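Participant: mind looking at a prediction? Sequence and model below.
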Amino acid sequence: MEIMIIYDSQFGNTQEIAEAIQEGLGEDHNTKIFRARKVQAQGVYNDTDLLIVGSPTQGGSYSQPVKTFLGELSNDSLQGICAVSFDTSTLTDNHGFVVNTLTRLLGNAAPKISKELSKKGARCVDSKVFYVIGKKGPLIHGEVERARAWAEKILKKATKHKSANSSDTLT
């Protein structure tokens, strides 16, 4: 399976999750990992079976490099590709009433990334939030392991998606 992981990271936490996901996918696949600001959006996805996009949550949305990357994708450029999204975010328990309320109102980056990927033609099968302590981190204990375990789950979903698309083209 051809897998591409695109991420942005401000303090290293999202990068750590992206790398844990890559580890969790195992070595049986051709997995490429790129920072969002260093990858060209056009023409990268010719053979991609699974696209994974991650960002820190910033103001209830995803980071500018991820916005730029997704904005460069043409409509239907991800047609037939299975995709998932993830983000890193602070736990609302660590903040006061105002920040907690704003966080609940604005939400997280991952669902918004999934929505944008769907607009580009991808079939988004999952999204996940990974938590950090405070603005700069570190990741909460156990999040790296949770990311590795999630990778195994999304791999199963992507394999199922690939099989369904293969049978669609045969009929």
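Facilitator: Here it is on my side, so go on. Numbers count the residues shown, from 1 in each chain.
Participant: what element comes up after the helix or strand bottoming out on mean pLDDT in the chain heading to the C-terminus?
Facilitator: The weakest-scoring helix or strand in the chain, judged by mean pLDDT, DSSP states H and E, is helix 97-106 (a mean of 63). With elements assigned by DSSP states H and E, the helix or strand that comes after helix 97-106 is helix 109-119.
Participant: after that next one, next one along is what?
Facilitator: Next along from helix 109-119, by DSSP H and E: strand 123-132.
Participant: where does this structure have low pLDDT?
Facilitator: For the chain, applying pLDDT under 70 flags the ranges 41-45, 92-104, 166-171.
Participant: where along it do the strands fall?
Facilitator: 2-7, 30-35, 50-56, 82-90, 123-132 (DSSP state E).
Participant: could you dump those into CSV with distance to Arg146 and mean neighbour count added?
Facilitator: Every C-beta, even on glycine, is put in place using the N, C-alpha and C of the backbone. Converted to CSV, the strands of the chain look like this (distance: least, Cβ to Cβ, whole Å; neighbours: other Cβ atoms under 10 Å):
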stretch, distance to Arg146, mean neighbour count
strand 2-7, 16, 23
strand 30-35, 18, 15
strand 50-56, 14, 27
strand 82-90, 10, 27
strand 123-132, 7, 20
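Participant: need those strands in TSV (columns: distance to Pro111).
Facilitator: Output for the strands of the chain, formatted as TSV (distance: least, Cβ to Cβ, whole Å):
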stretch	distance to Pro111
strand 2-7	16
strand 30-35	22
strand 50-56	12
strand 82-90	7
strand 123-132	6
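Participant: among the ones you listed, which is nearest Ile17?
Facilitator: Closest to Ile17 of these, according to Cβ to Cβ: strand 123-132, at 5.0 Å.
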